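Chemist: Have a look at this fold, sequence not included:
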């Protein structure tokens, strides 16, 4: 990649990079050090930028005195179920959308884009009432179905873009060689669309991982809460402190960070074709 | 074809997690699935059990551990009963209970607020529990506790699990240094006169109050009650243009300069920790603040000489101060099966037995106070190290109960307890908006009260009728 | 995406074959269509219907009120205030996200030592659950213990607020926090587009002696136009309808009263006043606004090609 003209002198460029770094990273650094400070230092003024004393009290409390681990498991479960269903239905649907001609094909594609823009708050009341009628409140399945309906149009949109980019001649060649459609899909299309599938999985996972609104409305039982609402309640409980909340933040952020480092390559590839809703 | 293999592996993993997922599908399905799993894990012979679901409002770990121990002991004696005791947050308890009933899955029994008892009773959602109250010992329970459980039909509709009363906590060391004698305060004016001496911003502020609606509601009715009035009239309509409420709003404006500048976004937690760590001279507090003091205060200050109980004062129209009574009662749901309710009553009888109930109360010793009068003459109850250490706190709470000026949330006058829509007023941010408009946005108190009254009439009473 | 998708028909088209093709194609879309219909389109229709009722969110009471919910809204100053607050929030936070995202894109576009690391760091705020992001900022901005008010106070700038989570200033915190959380969306889209700008365009500009600023205005910006328009539309819609950030920052009351945007107002109507019908009507109002925005966008600003740019 040839760069455009050197725009800034070295010093200024590094200054800007540093500024960007501090803007993005400082809140996270502060979360980490706050979770490690001893109680009186946490509330000391002026605040200390590097803890004088540190301890794992907040983490012990998080794991022994709250239901954090239950919330964590519930969140992973809902996010995983959502992702599996969205990816399977999305791959099948996007294949249909790009490889078969049928009336209204273009319209469906446009509708998926419209649905992608669609903000969840609009569905607040009807989804709550429907979930209640169907016995899907206080149910992780009900929650997953909600996330699926929000993620699927987007998954179709992004997968359609990936499938369109796969040269159809490859499939023609396979068919001529005697493969059937299913084989062509399994051996030709899927491997080539894999980056798109992974990107879709990640974005879908994030939708479910981050949602607050529907978990708030649909889940009331403590043992079914997800992280977003569970941690929100830490704030209102009488037993809790800032250190604990920051520790919860760190514990949610670390798996996300590891995951993120592992898949960053796919993420940016997929992001070029759309973006995660949020 | 490595990619393909990887994909297959992913799918296989996906199906594994899906199986794990099935165990927790949630809702009624989860109950069934969990029961099946638990049943198969248990040795044979565990036939049909009565499953009792009980929700309480004490999510803190020490209390949970105490409840768990009591439940285990109970189940040793009653192998045919399975008690599922769950803690829930008290912030949006009302909504959770209503939602559970709308979904036709109410618990067998739960804690709730007095105003919810009123509202549920009016709708036929709960049933009276005279038998339980009598079995436990009506005559042993504080009259001030029973008073809020008995309705005009002469029946008890709830049973308080434990009680506490709100107090004004003050820093003795700071008062002494400033030459202030808080015990001499009688009126708001006395208090306002001394506030500047207890205020040294930004090192410390004279008073810390929470700005989140739930807590603003608490202060609204305590101030109004201490100013000799109510936020409702005899018919339950809002009486916000009354001198008592208007005086409360004017008073709040005068308090504002002595509060932390960001008070409007502070939560309960922040007010307690601000008092404990020396950022605030005074705050409205509960017995559980002792835990915060042990966490945040310097070790040499963790005692009742430093963290004192100061008197609540009265407004120009008031005769006696009013405080909040934390008295969530157990209620029994009309829709729950009779055998579950019978089993739940058995459990509560066991729970309120001296040795069991003591374990519960001791989990937060100066906050979950016993409903039994005789405990306060019992050396083993009073002799608990924490109750001895915070003796003045215990006495201050007891005083409210003795003079009968501890009222449930939003109940200024005793008859307000019967207003069916108090719960909806408590859930809505209307009263808090009124306070914020006056105190933070400089709106005229009359205009703010008018606006709030109109909203209560339109959005709450209008919908309830 | 230069290869045009086509059907896999090998043989010359025959009617029966085309029909089979169409049926298979529709069949493959069916599972997605059923899910989306059941959980998006049907509720949407149901919501329009609900908007004509006064219905309790939890109890069975329900009564037809025609346009009553809408006429009440039109006369309700709280509703108009929430629309205004949502507009301020959407415009300011979207604008700043775009500025920050473009600036970040320019900073990260050229490779330098640590470039990948910094890209990762810059994307990361987007990956953090909203509830964590908001609580971290509540803590950073806390008036008694927060590090940012402390640092700002140390600058001794006259007129600097003592506390930020108050009526007068909480909107600023909401905007900055939202920019922090959501600008990576803009950043990634800009970055992806920047890498496809042919270097020759810059060469030509340089031959003409254009300054860096002129290069940006005359080369970079026109190339980014389509991406930025789509990003503007998406982010504008999503910020206007954002519920969790303003709710978690203000809990709908106290100082949060000053950030009671339309989505928060809608939530409170539905779940603190239990007015499901009113909540539905408010959602319909938001939907109408959204459709208007999309229509205006497609009529006035339609980029030449609509899907290879985002």
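Modeler: Sure thing, it's come through. Nothing here was measured: the structure is a model prediction, and the numbers come from that model.
Chemist: quick one: residue C:182 and residue C:236 touch, right?
Modeler: No - in this structure residue C:182 lies outside contact range of residue C:236 using C-beta atoms under 8 Å: 11.5 Å. C-beta coordinates here come from the backbone N, C-alpha and C atoms, glycine included.
Chemist: what about those two, which has more around it?
Modeler: residue C:182 (26 against 21; other C-beta atoms under 10 Å in any protein chain shown).
Chemist: so what's that one up against?
Modeler: By C-beta atoms under 8 Å, 6 or more residues apart in numbering or on different chains, the contact set of residue C:182 is A:278, C:93, C:97, C:126, C:235, C:238, C:239.
Chemist: Would you reformat the residues you listed as a markdown table and include pLDDT and secondary structure?
Modeler: A markdown table is the format used below for the contacts of residue C:182 (pLDDT from 0 to 100; DSSP: H, G, I helix; E, B strand; the rest coil):
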| residue | pLDDT | secondary structure |
| --- | --- | --- |
| A:278 | 52 | coil |
| C:93 | 98 | helix |
| C:97 | 98 | helix |
| C:126 | 87 | helix |
| C:235 | 93 | helix |
| C:238 | 93 | helix |
| C:239 | 96 | helix |
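Chemist: Looking at these, which is nearest chain B?
Modeler: residue C:93 (19.1 Å; C-beta to the nearest C-beta).
Chemist: burial of that closest one, as a residue count?
Modeler: Look at residue C:93: counted by other C-beta under 10 Å, it has 27 neighbours.
Chemist: got the residue ranges for the strands in the chain?
Modeler: Looking at chain A here, since you left the chain open. In chain A, no segments count as strands under DSSP state E.
Chemist: Chain B, not that one
Modeler: Ranges of strands in chain B, per DSSP E, are B:50-56, B:81-87, B:109-111, B:126-127, B:159-160, B:164-165, B:167-171, B:205-208, B:280-285, B:307-310, B:323-326, B:329-333, B:406-407.
Chemist: want to try JSON lines for these, with mean neighbour count as columns?
Modeler: Below are the strands of chain B laid out as JSON lines (neighbours: other C-beta atoms under 10 Å in any protein chain shown):
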{"stretch": "strand B:50-56", "mean neighbour count": "21"}
{"stretch": "strand B:81-87", "mean neighbour count": "19"}
{"stretch": "strand B:109-111", "mean neighbour count": "27"}
{"stretch": "strand B:126-127", "mean neighbour count": "21"}
{"stretch": "strand B:159-160", "mean neighbour count": "24"}
{"stretch": "strand B:164-165", "mean neighbour count": "23"}
{"stretch": "strand B:167-171", "mean neighbour count": "25"}
{"stretch": "strand B:205-208", "mean neighbour count": "25"}
{"stretch": "strand B:280-285", "mean neighbour count": "27"}
{"stretch": "strand B:307-310", "mean neighbour count": "22"}
{"stretch": "strand B:323-326", "mean neighbour count": "24"}
{"stretch": "strand B:329-333", "mean neighbour count": "24"}
{"stretch": "strand B:406-407", "mean neighbour count": "25"}
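Chemist: Reformat those as TSV; add distance to residue B:260 and mean pLDDT.
Modeler: What follows is the strands of chain B, written out as TSV (distance: least, C-beta to C-beta, whole Å; pLDDT from 0 to 100):
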stretch	distance to residue B:260	mean pLDDT
strand B:50-56	33	93
strand B:81-87	30	91
strand B:109-111	32	95
strand B:126-127	41	95
strand B:159-160	34	97
strand B:164-165	25	96
strand B:167-171	15	97
strand B:205-208	5	97
strand B:280-285	7	97
strand B:307-310	19	98
strand B:323-326	21	96
strand B:329-333	35	96
strand B:406-407	27	97
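Chemist: Which of those sits closest to residue B:453?
Modeler: Checking the strands of chain B against residue B:453 by C-beta to C-beta gives strand B:406-407 as the closest, at 21.5 Å.
Chemist: Name the strands paired with the closest one and say parallel or antiparallel.
Modeler: Using DSSP bridges, strand B:406-407 pairs in its sheet with strand B:323-326 (parallel).
Chemist: what's the distance between residue C:294 and residue B:428?
Modeler: Per C-beta to C-beta, to the nearest Å, residue C:294 is found 34 Å from residue B:428.
Chemist: of these two, who's got more company?
Modeler: Taking other C-beta under 10 Å, residue C:294 and residue B:428 do not tie; residue B:428 has more neighbours (24 against 15).
Chemist: Run a quick neighbour tally on the residue lying closest to residue A:162 once chain neighbours are set aside.
Modeler: Sequence neighbours aside, residue A:196 is the residue nearest to residue A:162 in space, at 3.0 Å (criterion: C-beta to C-beta, 6 or more residues apart in numbering or on different chains). The local packing of residue A:196 (other C-beta under 10 Å) involves 25 other residues.
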